Each structure stands twice: as C-alpha cells, then as structure tokens.
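Visitor: One predicted model, sequence on top.
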Amino acid sequence: MSVVVDSIKENPVEEFLRTDRLPHVWCTGCGIGTTVNCFARAVKECGIPLDELAIVSGIGCTGRVAGYLKLDSFHTTHGRPIAFATGLHLANPKLKVVVYSGDGDLVGIGGNHFIHAARRNLDITVILLNNFTYAMTGGQVTPTAPLDSIETTTPYGVFEENFNLPHLAASCGAVYVARWTAYHVMQVKKAMVEALNKKGFSFIEILSPCPTIYLRRNRLGSAIDELKYYKEHSVIQHGADTREVGITVRRPEKIIVGKFVDIEKPDYLTAMNKHLSEVLGDKYVRWGE
Amino acid sequence: MATAQKKKKFRGVVIVAPERCKGCAICVEFCPTGAITMSDKFNSKGYHYPEFTYPDKCTGCGLCGMYCPDFAVYGFREKIAEGE
C-alpha cells in the first residue's frame, strides 16, 4: 500500500466519498472526478449539513456520481433524475436537491423533464456534465454532439443541429445559468456555491473530456490535450447572449464560458403558496415554509 | 546582491495515494510550479503514479487536489514551526 497517505492529514474530499467503493469506474483522465472534487469543496464551503442535502443521478458515466458521494444519494432510471428530484423537493422542501447527471441523460432521454422543471422554476440545482456522447453505452450520438463528430451511430459524421444548452435552460426560465469546463476548477467550484445558494432552477453546464470514447473516436488526442484546448480557447464572457454560445463544430475557435444568467424569480413553491392563499384564504395551509 | 532571503512561514505539501492513481498525469501537467513528476514505479494495477519530487518548488496551492479525477493526490499548506 502507499507510503505516506493518511499520516499527516486526510484528503479534504474524503468525508464526502464512499471510500470503500474507490477506485471508481471512470477512465483515466475523465473529467467527472475533477468536478466531483469541485462539488465536494463547494458543499464544504456552503456549510450545508450533509443530512439536508440529497443528490440525484440518472444513468450513464456521470450517473455514477451519486454512488460515490456519501450523501443521501439516488441512482434513478434513465433520463428521470429531474422527475425524481421534483418529487423529492416537493415532498420535503427543506431538503436541498442536486441533480448531477450527463448530457445524454438530462437533455437526451429526459429532455422533457428538464425543460418543464426550468419552466416551473423548481428550487433544484442541476449540474450537467457535457461530454458530447453516451459514453457508458459505447458512444451513441447525443443531442449535444457537434456537427461532423464521429459517433458509433453516425460513422460518417453528425449532420443534425445540436442543442445549445445554456440557451435552452435560459429560454425555459432558469434563474441561474453558467457554463464552465473541467479545466476551470476554481470557477466551477464558485459556480456550484452560487448555484447551491440560489433559490430556483439553477443550471451549470460543465464541458468534460471523454478520452476513451469521444476523443479517441474523433482523433482529438488525450484528456490532457483536451484540457489544454479548453485552457487556450475558452473565453470568459459573463452575461453573454446565450443565443451565441452554442458549440456547433468539434473544435470551435472559441468556447464562451461564464455566468450567463443570474436573475430573481419566484420559485414553484413560493408561487403556489402565494396563489393558493389568495384564492382559498385562511383555509389553505402553506406548504414548506 | 546578498539580500537575506525572506523566511518562509509555511511549506507546501503534496500527498499521493498511489493505489488510487490511474496515471492520467493531469496533476503533473497543471501543477503551476512543476513540483510533481511522474514516477517510474508502478502501482499494483500497473499505472505510473506521480511523485512529489521538488518540495522546495511547492506553494501548497492545492490545485493538484482539485484536478485529480481519482482523489489520489492532494496538496495543502503546512506551517513551519519556529526555529526550523
């Protein structure tokens, strides 16, 4: 075993992990573990008691996050983490619910849940890891795959238009929308702190390298090459127009990152309580306050 | 030229758990001061793991721990005791 570990101090994220399940299933260089690091540090910084925080994941590589975090974690069916989180949040409004899943899960299979949760402005935090493919099942095309990218189901390149996720979330009514990459660890952590403290539907898209499936199939190099590419080509534009931040080609000249939307709007439960107390008067018992 | 070097109040420390490492070398690549290098040794799964080769260069920023996807590396600052 190791020579020096545990002798001086414990890894700061250790208390958030189910260490008996490590090493995890993610490939060498995968960006998911990096964002889990950021998430654990963000939770620590927010000071949320761990029994008041629940994390919900769907299926996929990123869906495994719930299995490795030592919180109340739920591994749900494919595409349904937001549906599950809706029930969790409404049944126990004191719980802070975080949905942590991938692009294929949240906007491919479960796109409908995503847009309606954003429209209703449910008080949940959605962290979406975008690796442009269904990595766990072998690399099928997702709605976020850029033009000309090679996937298992599109051997001659993708010819469909893809989703611009910050614009999708913002136009559906999310109150907090940000995009970062797995290279921007400090910014991701800060965005997660802001999103956790935000009342309403907060959405963070994190671009993450998938060295085994997406990068290898498209001959884009290793995970380190991808992180260097993020470093050199990311342009931070806070408050940018979300219509113009889409990633349409495999290697765009610039990736616009930053915090795009940060507005205040009454969330679902506040609006429900306000409306029903007006209509029903004293008969109505306010929920979740 | 012989200015007395400012005495350091803390030192940076990097701790590696080789058995968790998968050898992606992201910590080596993105260490701002180049204090970590890849080892020639293997762990039991057959991956090379990083080593804390240049402790003098380390500032204890902890960025290696933020990047490590396998929770195998972390850095921190340690106070240097008086008289050391």
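Guide: Yep, it's here. Being a predicted model, the structure only gives us computed values, none of them experimental.

Visitor: Okay, now the unreliable bits of the chain?
Guide: By default, I'm working from chain A. A:1-9 (pLDDT under 70).

Visitor: switch to chain B, that's the one I care about
Guide: Chain B contains residues with pLDDT under 70 at B:1-6, B:82-84.

Visitor: how about a cut-off of 80?
Guide: Residues of chain B meeting the criterion pLDDT under 80: B:1-8, B:81-84.

Visitor: just checking, residue A:175 touches residue A:200?
Guide: Yes - counting by Cβ atoms under 8 Å, residue A:200 is a contact partner of residue A:175 at 3.7 Å. Any C-beta I mention is one placed from the backbone N, CA and C, and that applies to glycine too.

Visitor: How many residues are close by the closest residue to residue B:24 other than its chain neighbours?
Guide: By the measure of Cβ to Cβ, 6 or more residues apart in numbering or on different chains, the closest residue to residue B:24 outside its immediate chain neighbours is residue A:29, 4.0 Å from it. By the criterion of other Cβ atoms under 10 Å in any protein chain shown, residue A:29 has 26 neighbours.

Visitor: Could you pull out the strands in the chain for me?
Guide: Since you didn't name a chain, this refers to chain A. In chain A, the strands defined using DSSP state E lie at A:53-57, A:72-75, A:96-102, A:125-130, A:176-181, A:202-207, A:234-236, A:255-262.

Visitor: Hmm, no, I was thinking of chain B.
Guide: Along chain B, counting by DSSP E, strands occupy B:10-16, B:36-42, B:48-52, B:73-79.

Visitor: In chain B, what residue comes closest to chain A?
Guide: Per Cβ to the nearest Cβ, residue B:69 is where chain B lies closest to chain A, at 2.9 Å.

Visitor: how much space is there between the residue nearest to residue A:252 when sequence neighbours are not counted and chain B?
Guide: Nearest residue to residue A:252 in three dimensions, chain neighbours excluded: residue A:233, at 7.2 Å (Cβ to Cβ, 6+ apart). Separation of residue A:233 from chain B (Cβ to the nearest Cβ, to the nearest Å) stands at 16 Å.

Visitor: Spit out the contact partners of residue A:233.
Guide: Contacts for residue A:233 were tallied using Cβ atoms under 8 Å, 6 or more residues apart in numbering or on different chains; they are A:251-255.

Visitor: where's residue A:93 relative to residue A:273, distance?
Guide: Here residue A:93 is placed at a distance of 10 Å from residue A:273 (Cβ to Cβ, to the nearest Å).

Visitor: tell me, what's touching the two both at once?
Guide: Residues touching both residue A:93 and residue A:273 by Cβ under 8 Å, 6+ apart: A:287-289.

Visitor: which of those residues has the most neighbours?
Guide: Ranking the shared contacts of residue A:93 and residue A:273 using other Cβ under 10 Å puts residue A:288 first, with 15 neighbours.

Visitor: quick one, phi psi at it?
Guide: phi 80, psi 30 (degrees, to the nearest 10).

Visitor: who's in contact with it?
Guide: Contacts for residue A:288 (Cβ under 8 Å, 6+ apart) come out as A:90, A:93-94, A:269, A:273.

Visitor: now these as a markdown table including distance to chain B?
Guide: Formatted as a markdown table, the contacts of residue A:288 follow (distance: Cβ to the nearest Cβ, whole Å):
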| residue | distance to chain B |
| --- | --- |
| A:90 | 34 |
| A:93 | 32 |
| A:94 | 30 |
| A:269 | 34 |
| A:273 | 40 |
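
Visitor: In PyMOL, select just the buried ones from those residues.
Guide: Here is the PyMOL command that selects only those of those that count as buried (16 or more other Cβ atoms under 10 Å in any protein chain shown):
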select buried, chain A and resi 90+93+269+273
